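Participant: A predicted structure for the sequence below; I have some questions about it.
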Amino acid sequence: NDPLIVLDGVPLEQGGISGNDGNFLSLINPNDIESMTILKDASSTAIYGSRASNGVILITTKKGTSDKLQITFSTTNSIQTRTKLADMLSYDQFVNTIRTQGTSAQQALLGTARTNWNDEIYQNAFGTDNNLSVSGKIAKNWPFRVSVGYYNQSGLLRTDNAERYTGSIMLTPSFFKDHLKLNINAKGSINNNTFGNTDAIWAAATMNPTIPVYSGLNTFGGYTEATVNGAVMNPVGLIKMNDSQSNVRRFIGNVDADYRVHFFPDLKLHATLGYDYAQGKGSVYVPAEAAQNYNTSGLDYSYGPEKKENRLLTLYANYNKLVESIKSSFDVTAGYDYQYWKSTTPLYSEMNTLGEIQKTSKAKDERHVLLSYYGRLNYSFDSRYMLTTTIRRDATSRFAKNVRWGTFPSVALGWRVTEESFLKDNKVLSNLKLRASYGVTGQQNLGNGDYPYMARYMYSKAGANYYFGDTEYSLIAPQPYDQNLKWEETTTW
C-alpha cells in the first residue's frame, strides 16, 4: 500500500535495505527538499501508470536561482527523554507482594539491591542536524546549488544511534535563449547505524529489582543472571554485550533535458535519465559468555552487501497551444518509459564465536523491467470547462508473455463555476470548481517476488533433509506459482 515516491523525476525504490529496514526515504536529507505534492485521484496519477496505484508523492529539491552567491548554514540540536513507561509495581510494592503472597522459593530470590532497570537501559538522547549549502551562478546561465549535511541521533535505548552524511549537487543551465534547459542532479548519503537490543525493554519491565546489575563474578561477562531456563535476562547485559551495526550507502542521480523546438515553439521535447543505487551491509557480535547466546557460544558474523539498483529512461513530447479564436487551450503529451530494477543479496551464514554455522540465509537475485507507452490530453474551453483524458499501455516482466500487457484509461471533467456570469462578481465565492474523474490503474507488484509465473524450486534447509541409510540428502521443493497471474486493476471515480 505504499505510494510511489518521485524525487526530481526519478521514481524511488520502495521498502528498505539490509541495515536500514523500513522507509527508504530516510536516506534523503529533508533540508534539501523544496516542495512535496501529493497526487491521489486516478486521473492525476494515471501518467505514472502501475507504479501509482497507491498514489504519488512528488518531491522537488532546492535549486540555485540567485545571481549572488548565497551561503546558508543551519543547525538543530535537541534532547529527547522518555515521558511514559508501562504501569508497574514500585520497588516497595514488589517486595511487599513477594513477601506476603509469594512462595518460599520466590521469597528466596529477593536480594538487597535497589535496581531501577529502566534507568539502567534508557538515557536522555542527544541529536544534532547540521546543514551547509552554497548556491549561485557559475556563469550567466549556469545556476548551481551544493549542499552537505551531518545528522546524528542517539536513541532513548542506550547504544542505539543513527548517523548520516549527505551531499548533493544541482546544476540547472540553459542554452539557446532558454530553448534548451538542463537539470543535472546528484545526491549521495552514508548511513551508519548502531542497533540497541530491544529485548532489553521487556526485560527491564519484568526483571527482579532486588538484584544488582553486576554479580562480581566472571560468568556471563560479570552481569547478574538467573541460571534457569526461560528466566528474564539482565537488561544491561542484553544491551552492552550485543554489538549490531550497519552501513548503508546510496546514490541518486538524474539528468533532465527540456527542448522547446526553435521552428515550432509550441512543441517541447523532454528526456530523463535516472539512476538510483543503494548498498547495505552489517555485522553482529555477541561474546560467547553473554547469557543471550550462551548455549550457542555467542554470535560473530557479517551480512550483505545487499545491492539495489534502479535505472530510468523517460521520453515524451508535449504540445501546448492556446487558440484564442475558439477560446480553447490544448495540452497534448505522448511518451515512453523504461524502468529496470535489480536487487541482489549474497549467501551468508550466521556463525558463533567458534566459527560454527548456526543458520544460513539463501542468496537472492531479483530483477524486473517495466515498459510504458502513454498519451494525455488536457483541454480547456473559455477557462471554464476542462477535460483531461489519459491512456497507458504497460508491460511488466513479472507476468507471462500472454498477460504481460495492460491498458489503463482515465478521464476527468472540471467546471470552474465562479467563471460563469451568474457567479463571476459574487463576493462570497472567490473560487468554486467542480471536478469528476474516472480511472483504472494497474498493480504489478503483488508481493510475491519478480518471478511469480515461473516454476521455481528450492533446496531444503538444514533439519529438513532426508536420509538414505547414513547419508543425508537435500530435498528440492517446488515453490508456488501461477502462470495466469496478471495485472491487478483498481478502478476509482
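Facilitator: Ah, there it is.
Participant: pLDDT below threshold where in the stretch 101-250 of the chain?
Facilitator: Across the stretch 101-250 of the chain, the stretches falling below the confidence threshold (pLDDT under 70) are 229.
Participant: could you pull out the strands for it?
Facilitator: For the stretch 101-250 of the chain, applying DSSP state E, counting those that start in this stretch gives strands covering 125-137, 143-154, 161-171, 174-175, 180-194, 243-260.
Participant: just checking, what packs against the first one?
Facilitator: When you say that, I think you mean strand 125-137. When contacts are defined as 3 or more Cβ pairs under 8 Å, 6 or more residues apart in numbering; DSSP states H and E, strand 125-137 packs onto strand 70-80, strand 143-154. C-beta coordinates here come from the backbone N, C-alpha and C atoms, glycine included.
Participant: so which strand or helix has residue 395?
Facilitator: Applying DSSP states H and E as the criterion places residue 395 in strand 385-396.
Participant: ok, then the element right after that strand?
Facilitator: Under the assignment DSSP H and E, the closest C-terminal helix or strand after strand 385-396 is strand 405-416.
Participant: would you mark the buried spots in the next helix or strand after that following strand?
Facilitator: Counting by DSSP H and E, the element after strand 405-416 in chain order, helix or strand, is strand 433-443. Of the residues in strand 433-443, those scored as buried under the neighbour-count criterion (16 or more other Cβ atoms under 10 Å) are 437, 438, 439, 440, 441, 442, 443.
Participant: ok, back up a step: as a markdown table, the helices and strands packed on strand 125-137 with mean neighbour count and distance to residue 182 would be great.
Facilitator: Formatted as a markdown table, the entries for the helices and strands packed on strand 125-137 read as follows, by neighbours: other Cβ atoms under 10 Å; distance: least, Cβ to Cβ, whole Å:
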| stretch | mean neighbour count | distance to residue 182 |
| --- | --- | --- |
| strand 70-80 | 11 | 21 |
| strand 143-154 | 18 | 11 |
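Participant: in a markdown table, list these along with distance to residue 119.
Facilitator: Listed next are the helices and strands packed on strand 125-137 as a markdown table, based on distance: least, Cβ to Cβ, whole Å:
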| stretch | distance to residue 119 |
| --- | --- |
| strand 70-80 | 16 |
| strand 143-154 | 16 |
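Participant: of all those, which one is nearest residue 339?
Facilitator: Residue 339 lies closest, by Cβ to Cβ, to one member of the helices and strands packed on strand 125-137: strand 143-154, at 26.8 Å.
Participant: neighbouring strands of the closest one in the sheet, and parallel or not?
Facilitator: The strands that strand 143-154 pairs with in its sheet are strand 125-137 (antiparallel), strand 161-171 (antiparallel) (by DSSP bridges).
Participant: what does that strand contact?
Facilitator: For strand 143-154, the surrounding residues in contact (Cβ atoms under 8 Å, 6 or more residues apart in numbering) are 29, 31-32, 62-65, 123, 125-138, 160-173.
Participant: please repeat the previous calculation with a cut-off of 6 Å.
Facilitator: Identification of contacts with strand 143-154 by Cβ atoms under 6 Å, 6 or more residues apart in numbering yields 29, 31-32, 62-65, 125-135, 137-138, 161-172.
Participant: picking that back up, would you mark the buried spots in the strand holding residue 395?
Facilitator: By neighbour count on 16+ other Cβ under 10 Å, the buried set for strand 385-396 is 386, 388, 389, 390, 391, 392, 394, 395, 396.
Participant: ok, now stretch 101-114?
Facilitator: Taking 16+ other Cβ under 10 Å as the neighbour-count basis, stretch 101-114 is seen to contain the buried residues residue 110.
Participant: then stretch 54-70?
Facilitator: Within stretch 54-70, the residues that qualify as buried by neighbour count (16+ other Cβ under 10 Å) are 54, 55, 56, 57, 58, 59, 61, 62, 63, 64.
Participant: adding pLDDT and distance to residue 221, write those out as CSV.
Facilitator: Formatted as CSV, the buried residues of stretch 54-70 follow (pLDDT from 0 to 100; distance: Cβ to Cβ, whole Å):
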residue, pLDDT, distance to residue 221
54, 75, 47
55, 81, 50
56, 87, 51
57, 88, 47
58, 89, 51
59, 89, 46
61, 88, 47
62, 87, 49
63, 85, 54
64, 80, 54
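Participant: just the ones of these in strands?
Facilitator: 56, 57, 58, 59, 61 (DSSP state E).
Participant: quick check: the farthest pair among those residues?
Facilitator: Taking Cβ to Cβ, the two most distant members of these are 56 and 61; they sit 16.5 Å apart.
Participant: so what's the residue nearest to residue 163 when sequence neighbours are not counted bridging to?
Facilitator: In space, not counting the residues next to it along the chain, residue 163 is nearest to residue 192; the distance is 4.4 Å by Cβ to Cβ, 6 or more residues apart in numbering. Beta-bridge pairing of residue 192, defined through DSSP bridges, involves residue 163, residue 247.
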